[in-house]
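1. predicted model, plus sequence, below.
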Amino acid sequence: MAIECISSIQSVPQTQKNHKEEEEPPLVFDASLLRHQLHLPRQFIWPDEEKPCMNVPELLVPLIDLGGFLSGDPIATMKAARLVGEACQKHGFFLVVNHGIDPKLISHAHSYMDDFFEIPLSQKQRAQRKTGEHCGYASSFTGRFSSKLPWKETLSFQYSAEEKSSTIVKDYLCNTLGQEFEQFGKVYQDYCDSMSTLSLGIMELLGMSLGVGKVFREFFEENSSIMRLNYYPPCQKPDLTLGTGPHCDPTSLTILHQDQVGGLQVFVDNEWHSISPNFNAFVVNIGDTFMALSNGRYKSCLHRAVVNSKTTRKSLAFFLCPNSDKVISPPSELVNDLTSRVYPDFTWPMLLEFTQKHYRADMNTLEAFTNWLQHKRN
Ligand SMILES: C=C1C[C@]23C[C@H]1CC[C@H]2[C@]1(C)CCC[C@@](C)(C(=O)O)[C@H]1[C@@H]3C(=O)O
Ligand SMILES: O=C(O)CCC(=O)C(=O)O
Ligand SMILES: [Fe+2]
């Protein structure tokens, strides 16, 4: 990423940068060039307390076999629900195998990422993310943040499980990138359909683990989710920057497939741990919205992504989100005299707008959002 238009670098608080109020033009970085420059631009250098440590211990995450559950075996289902619940009581991360997703589809989804991220920047910018919106192409979120820029490019798009929106992903990608991306669009449409199905199964297990049956599965039946392709080019100084900064996902559930390079780190027991790549497994974690739905019983987990100097790393992240009209409010079984309401009612579009226009999602997003809501209501 070469800086094509350098502007004076302002250190601004990590809220969203609003160019309308500021004179400077947005920075543009080209991933194919910056990696060859000797020094990193200051915007990419993270504060000492957030710089990555590379040799972290591996987190031994339970591999939860979904085969029995998906074939309707009641004993295997109870075991899977118990393991999911135990993982969520600990740190909110778990791995699922025998998930029923075609490995060829996973391989295609990974290889098609190269077809997009390796085209010239000017072509990628056909899908340029607009200020305040979450869909589209973003390179290091230049123009959005002024410091602590992540060393990554992303392409994000909306998914809907509603029957009437059954080609929303393919249509968006083809209409935005051109008809030559039709196969590209089909692969990610199929991939998102598979992710939605898997998410509902996991939501069923989460509901069982909390003693509320299928209420969460039904809540997300017609989900309106976000698919994100994360592309982390090699970096000449990987110990000075981050691919994705420390955060809890503001969404409900994340199903992530990482390639074989490695770089996902999770903060558990006051220490960063790595989650080793496993092609046959999806990494699953709950997000802030599910933490609110569970009335705080399960916690969303702090995690980040580090980069390396040798090879590009890719990850596919499906962020399960409820339909826009759903109110985030825990089932009555999870609210009682001992555990009164922890978070106020809200809708996902409200929290999404907060992260896109007012606050850079980190480890305190839900608390900041709650304060922001109360401030607005007073
Ligand atoms: C709703 C979302 C906002 C982010 C993408 C999804 C879920 C994760 C969020 C994010 C990855 C958390 C770290 C900061 C962020 C800006 C990023 O590095 O991409 C976040 C995403 C976003 O706001 O675009
Ligand atoms: O790329 C990864 O491994 C993690 C990315 C992530 O946490 C995210 O996109 O929310
Ligand atoms: Fe994340």
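-> Great, that's in hand. Ligands and ions are numbered 1, 2, ... in the order given.

2. every contact and neighbour count from this point should use C-alpha atoms.
-> Noted.

3. quick one: pLDDT of residue 23?
-> The predicted local distance difference test score for residue 23 is 58.

4. nope, residue 216 is what I meant
-> Per-residue confidence (pLDDT) for residue 216: 98.

5. pull the helix or strand hosting it out as PDB, backbone CA atoms only.
-> In this assignment (DSSP states H and E), residue 216 forms part of helix 215-219. What follows is helix 215-219, C-alpha atoms only, in PDB (Å, rounded to 0.1, in the frame of the first residue of the first chain):
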ATOM      1  CA  VAL A 215     -36.100 -19.400  20.900                       C
ATOM      2  CA  PHE A 216     -32.700 -18.200  19.500                       C
ATOM      3  CA  ARG A 217     -32.900 -20.300  16.400                       C
ATOM      4  CA  GLU A 218     -36.300 -18.800  15.600                       C
ATOM      5  CA  PHE A 219     -35.100 -15.300  16.500                       C
END
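
6. show me which residues of the stretch 101-250 of the chain are close to ligand 1?
-> 134, 244, 245, 247, 249, 250 (C-alpha under 6 Å from any ligand atom).

7. please report phi then psi for the closest residue to the fifth one other than its chain neighbours.
-> Closest residue to residue 249 apart from its sequence neighbours, by C-alpha to C-alpha, 6 or more residues apart in numbering: residue 287 at 4.7 Å. In this entry, residue 287 is assigned phi and psi values of phi -110, psi -180 (degrees, to the nearest 10).

8. could I get the contacting residues of residue 287?
-> Residues in contact with residue 287 (C-alpha atoms under 8 Å, 6 or more residues apart in numbering) are 248, 249, 250, 251, 252, 253, 254, 299, 300, 301.

9. quick check, pLDDT for the fifth one.
-> Residue 252 carries a pLDDT value of 98.

10. equivalent analysis for the last one, please.
-> At residue 301, the predicted lDDT confidence score is 93.

11. circling back to that earlier point, what helices or strands is the helix holding residue 216 leaning on?
-> Helix 215-219 is packed against helix 182-209, with contacts defined by 3 or more C-alpha pairs under 8 Å, 6 or more residues apart in numbering; DSSP states H and E.

12. which strands and helices lie in contact with the helix it packs on?
-> Judged by 3+ C-alpha pairs under 8 Å, 6+ apart, helix 182-209 is in contact with helix 74-90, helix 103-117, helix 168-177, helix 215-219, strand 253-258, strand 313-320.

13. could you list the buried residues of that helix?
-> Residues of helix 182-209 classed as buried: 184-196, 198-209 (neighbour count, 16 or more other C-alpha atoms under 10 Å).

14. what of stretch 101-114?
-> For stretch 101-114, burial by neighbour count (16+ other C-alpha under 10 Å) applies to 101, 106, 109, 110, 112, 113.

15. just put those residues in a markdown table and tack on pLDDT.
-> Conversion of the buried residues of stretch 101-114 to a markdown table gives the following (pLDDT from 0 to 100):
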| residue | pLDDT |
| --- | --- |
| 101 | 98 |
| 106 | 98 |
| 109 | 98 |
| 110 | 98 |
| 112 | 97 |
| 113 | 97 |
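
16. name the nearest of the residues you listed relative to residue 47.
-> Distances from residue 47 to the buried residues of stretch 101-114, taken as C-alpha to C-alpha, are shortest for residue 113 (30.5 Å).

17. the closest one is in contact with residue 232, isn't it?
-> No - between residue 113 and residue 232 there is no contact, the gap being 11.3 Å when judged by C-alpha atoms under 8 Å.

18. and the stretch 151-300 of the chain, which of its residues are near ligand 2?
-> Taking C-alpha under 6 Å from any ligand atom as the criterion, the neighbours of ligand 2 within the stretch 151-300 of the chain are 230, 249, 264.

19. nearest residue to residue 205 in space, please, no chain neighbours.
-> Leaving aside its sequence neighbours, residue 205 is closest to residue 81 (4.7 Å, by C-alpha to C-alpha, 6+ apart).

20. what is the burial count for that neighbour?
-> 23 (other C-alpha atoms under 10 Å).

21. hang on, it packs against residue 208?
-> Yes - at 6.1 Å, residue 81 counts as touching residue 208 under the criterion of C-alpha under 8 Å.

22. tell me what the residue in the chain that ligand 2 sits nearest to is bridged to.
-> Of all residues in the chain, residue 264 sits closest to ligand 2, with a separation of 4.1 Å (C-alpha to the nearest ligand atom). Counting by DSSP bridges, residue 264 is bridged to residue 305.

23. that's all I had, so thanks and see you.
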